[in-house]
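Engineer: generate coordinates for the sequence data below:
(chains A and B)
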Amino acid sequence: MNNSACRRFVEGDTILVMKQKDIKALVESWCTTGVITNEQQAYMLRSIDDYSSEASSGRFITSILYIGAGALSLGFLLVIASNWEYFGTTFKMILAMLLPVVPLTFAYWRQEINGRTSMLTQAANVCGVALIGGSLALVDQVYHLPPDMQRLVWLWALLSAPFVFVFRSAANVCLTVLLLGVAVLYSLFTYLDAVSIDEQTGIILVTAVTLLYAACMYALGGVIRISAVWDMSGRFLRLGGAGIALTVFFVTTFEFYARAIMGYSYDESALPLSLVFNFIFVCFLVYALLRAIRYEEYQFAFSIVRLFGMYLLVKYVTLFYGMLDTGLFFIGGGILFIAGALLLEKKKKYLISYMQGSRSFNS
Amino acid sequence: MRHYIFAGALVLLLGTMGYQIYYNEHILTVGETTVLETRPVDPRDLLRGEYVILRYAIETDELVVAVAREVVVDGPIFIQLAEDNRGVAYVVSATRDAAAVSPRESWIEGTVEDGRVRLYDIEQYYVPEGTGGDIEQMRGLYVEIALYNQQPRVVRLLDTNLAPL
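Structural biologist: Sure, this is the predicted structure:
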């Protein structure tokens, strides 16, 4: 189930996603047409409400859980950071070793020995991985070592990675991928600073590395999603990669980015290059939207549409000042949208059969 | 199979942290201790804790600065130390050439960056929360360090009379 407001009705090979109110309207129409009795209608409507409440509460509890795990980890880190002088170095070293080991061992014991994958197991798992960083920081603090963020994040990411294969949870994948991404970017910035590279090359390198990382996330997600165990993690990686790529492409649509690439000053125009970046962004946006619909990631598809709306708004504000320009912009945009809708309507049957064919292939 | 992966992950985690602790403890235990004159710059709050940044008199010693600027490129610098009658270290010589460093003498490794000499490994001293400001106001402070294979580690802060703070 995607969210508390949607239900999936499996009908042969076709899977429909409907809002709760639409499902209720459908059930009521069945009763009106005599397909089901009044009692059956009442039962089905109650069941929909119960399931919706359960799903919503489940998501709410999960959110509270991760907030709690994050707060607990942060609390431990802050206690460490306050430089708890009441205990000596030996105690601090023992604490550094135990901080991540205890929750991770607890989580493993509950999951693998007791066979209970509950909220508490997940919280202990997330806490333990987060506290790996805390322990590394504690060791540096005790010996008054320089705050080498690059070394810290790389070590944190590498020490977290094995637990991805132990717990096989999307949370572990999320944390490790995030840490790896921060480590890669941090190392890149450190390198660029060390070699004193020029700004244009630096910006291009950062953009390219970020897109490459997003592509790797997407590709890895595509590889692992075929396994039932890694399905959620694969989904997260694909959505995360696509989201990062969209964000980067969105940033490139601004003229200041094109100016920075070309090394132009503020009053020089880099419009031709900026238009190229805008074209690339729109093409990628459409591609991502089609892929999202194909893989039934409707929430992500809605996010893409919202991003496109924000993009249009930003372009309206930054590009057009006069009524004539604004008018022409809206006329062009309006024609595009209408043409697109007519085209989609005409090709609806083809698209449906295309998607049905894709689902049959995927299943 | 997953038991082995979990055990391996724990061993890797404990091994990494254990090695870091062992390496630093080794320097502190077997390293030769010496005292450097210092001046705290300012305390800062970071996620790692409140700490003071330490600058050392040997970093701005004329001889050291001259050697640092002989070669334009950033990189390591090695400073030979000796102790005066109070036990406070002073600069004897400096070199950018690691091969010139003798293990029988007392040398400390620093880094030349943009013509300035930095002793990164002993530049920060973590203090209990709320005490950084007091330390920053102090003058005539010294730092006792342990030296092993030219690698320094901070042992403790000392006051003007070379007594622990």
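
Engineer: checking the residue in chain A that chain B sits nearest to next. Helix, strand or coil?
Structural biologist: When scored by CB to the nearest CB, chain A has A:Pro162 as its residue closest to chain B, at 3.5 Å. Placement of C-beta: from N, CA and C, glycine included. Here A:Pro162 is helix, with the state taken from DSSP: H, G, I helix; E, B strand; the rest coil.

Engineer: give me phi/psi at B:Ile77?
Structural biologist: When read as degrees, to the nearest 10, the backbone of B:Ile77 gives phi -140, psi 140.

Engineer: all helices of chain A, in order?
Structural biologist: Using DSSP state H, the helices of chain A run over A:20-32, A:38-81, A:89-108, A:119-142, A:149-167, A:170-195, A:199-224, A:231-252, A:255-262, A:271-294, A:298-319, A:323-346, A:348-362.

Engineer: give me whichever of those is most buried.
Structural biologist: helix A:119-142 (a mean of 23; mean count of other CB atoms under 10 Å in any protein chain shown).

Engineer: how far out from the middle of the chain is it?
Structural biologist: 22 Å (CA atoms, centre = their mean, to the nearest Å).

Engineer: then stretch A:108-121?
Structural biologist: 26 Å.

Engineer: what sits up against it?
Structural biologist: Contacts to stretch A:108-121, defined as CB atoms under 8 Å, 6 or more residues apart in numbering or on different chains, come from residues A:61-62, A:65, A:107, A:124-125, A:166-167, B:2-3, B:6.

Engineer: report the rounded mean pLDDT for it.
Structural biologist: The pLDDT scores in stretch A:108-121 average 82.

Engineer: repeat for stretch A:238-258
Structural biologist: For stretch A:238-258, the per-residue pLDDT averages 90.

Engineer: list of residues touching that stretch?
Structural biologist: Contacts for stretch A:238-258 (CB under 8 Å, 6+ apart): A:174, A:177, A:203, A:207, A:210-211, A:213-219, A:221-222, A:225, A:269-271, A:273-274, A:277-278, A:280-281, A:284-285, A:288, A:291-292, A:295, A:297, A:300, A:303-304, A:307, A:311, A:315, A:318.

Engineer: over to stretch A:150-167?
Structural biologist: Residues from elsewhere that reach stretch A:150-167 (CB under 8 Å, 6+ apart): A:104, A:107-108, A:111, A:125, A:128-129, A:132-133, A:136-137, A:140, A:172-173, A:175-176, A:179-180, A:182-183, A:186-187, A:190, A:233, B:2, B:5-6, B:8-9, B:12-13, B:16.

Engineer: can you rerun that using 7 Å?
Structural biologist: Contacts to stretch A:150-167, defined as CB atoms under 7 Å, 6 or more residues apart in numbering or on different chains, come from residues A:104, A:107-108, A:111, A:125, A:129, A:132-133, A:136-137, A:172-173, A:175-176, A:179-180, A:182-183, A:186-187, A:190, B:2, B:5-6, B:8-9, B:12-13, B:16.

Engineer: low-confidence ranges, chain A, go.
Structural biologist: Regions of chain A meeting the criterion pLDDT under 70 cover residues A:1-19, A:52-59, A:80-87, A:319-326, A:329, A:344, A:347-363.

Engineer: now chain B against chain A: closest residue?
Structural biologist: For chain B, CB to the nearest CB, closest residue to chain A: B:Ala9, 3.5 Å.

Engineer: so which strand or helix has that residue?
Structural biologist: Assigned by DSSP states H and E, B:Ala9 belongs to helix B:2-30.

Engineer: buried ones in that helix, by neighbour count?
Structural biologist: B:6, B:9-10, B:13-14, B:16-17, B:20-21, B:24-25, B:27-28 (16 or more other CB atoms under 10 Å in any protein chain shown).

Engineer: any chance of these in JSON lines, plus pLDDT and distance to B:Asp121?
Structural biologist: Output for the buried residues of helix B:2-30, formatted as JSON lines (pLDDT from 0 to 100; distance: CB to CB, whole Å):
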{"residue": "B:Phe6", "pLDDT": "92", "distance to B:Asp121": "35"}
{"residue": "B:Ala9", "pLDDT": "92", "distance to B:Asp121": "30"}
{"residue": "B:Leu10", "pLDDT": "92", "distance to B:Asp121": "29"}
{"residue": "B:Leu13", "pLDDT": "92", "distance to B:Asp121": "24"}
{"residue": "B:Leu14", "pLDDT": "93", "distance to B:Asp121": "24"}
{"residue": "B:Thr16", "pLDDT": "92", "distance to B:Asp121": "19"}
{"residue": "B:Met17", "pLDDT": "90", "distance to B:Asp121": "19"}
{"residue": "B:Gln20", "pLDDT": "90", "distance to B:Asp121": "13"}
{"residue": "B:Ile21", "pLDDT": "89", "distance to B:Asp121": "16"}
{"residue": "B:Asn24", "pLDDT": "91", "distance to B:Asp121": "10"}
{"residue": "B:Glu25", "pLDDT": "89", "distance to B:Asp121": "15"}
{"residue": "B:Ile27", "pLDDT": "90", "distance to B:Asp121": "10"}
{"residue": "B:Leu28", "pLDDT": "90", "distance to B:Asp121": "12"}
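
Engineer: show me which of these is closest to B:Asp97.
Structural biologist: Of all those, B:Asp97 sits closest to B:Ile27, with 23.1 Å by CB to CB.

Engineer: the closest one reaches B:Ala146, doesn't it?
Structural biologist: Yes: here B:Ile27 reaches B:Ala146: they are 5.4 Å apart, a contact under CB atoms under 7 Å.

Engineer: circling back: what's the closest non-adjacent residue to the residue of chain B closest to chain A?
Structural biologist: Closest residue to B:Ala9 apart from its sequence neighbours, by CB to CB, 6 or more residues apart in numbering or on different chains: A:Pro162 at 3.5 Å.

Engineer: B:Ala7 versus the one you found, what's the distance?
Structural biologist: 10 Å (CB to CB, to the nearest Å).

Engineer: next one: the residue positioned nearest the centre of chain A from A:Ile67, what distance?
Structural biologist: Most central in chain A under CA atoms, centre = their mean is A:Gly240, positioned 3.6 Å from the mean C-alpha point. According to CB to CB, A:Gly240 stands 20 Å off from A:Ile67.

Engineer: contact residues of chain B facing chain A?
Structural biologist: With the criterion set to CB under 7 Å from any CB of the partner chain, chain B comes near chain A through B:2, B:5-6, B:8-10, B:12-14, B:16-17, B:20-21, B:24, B:46-50, B:120-121, B:123-129, B:153-154.

Engineer: now do the SS call for B:Arg104.
Structural biologist: coil.

Engineer: can you pull the phi/psi pair for it?
Structural biologist: phi -80, psi -10.

Engineer: what is the neighbour count of it?
Structural biologist: Close neighbours of B:Arg104, defined as other CB atoms under 10 Å in any protein chain shown, add up to 5.

Engineer: distance of it from A:Val101?
Structural biologist: Taken as CB to CB, the span from B:Arg104 to A:Val101 is 42 Å.

Engineer: circling back to that earlier point, among the contacts of stretch A:108-121, which pair sits farthest apart?
Structural biologist: A:Ile61 and B:His3 (29.7 Å).
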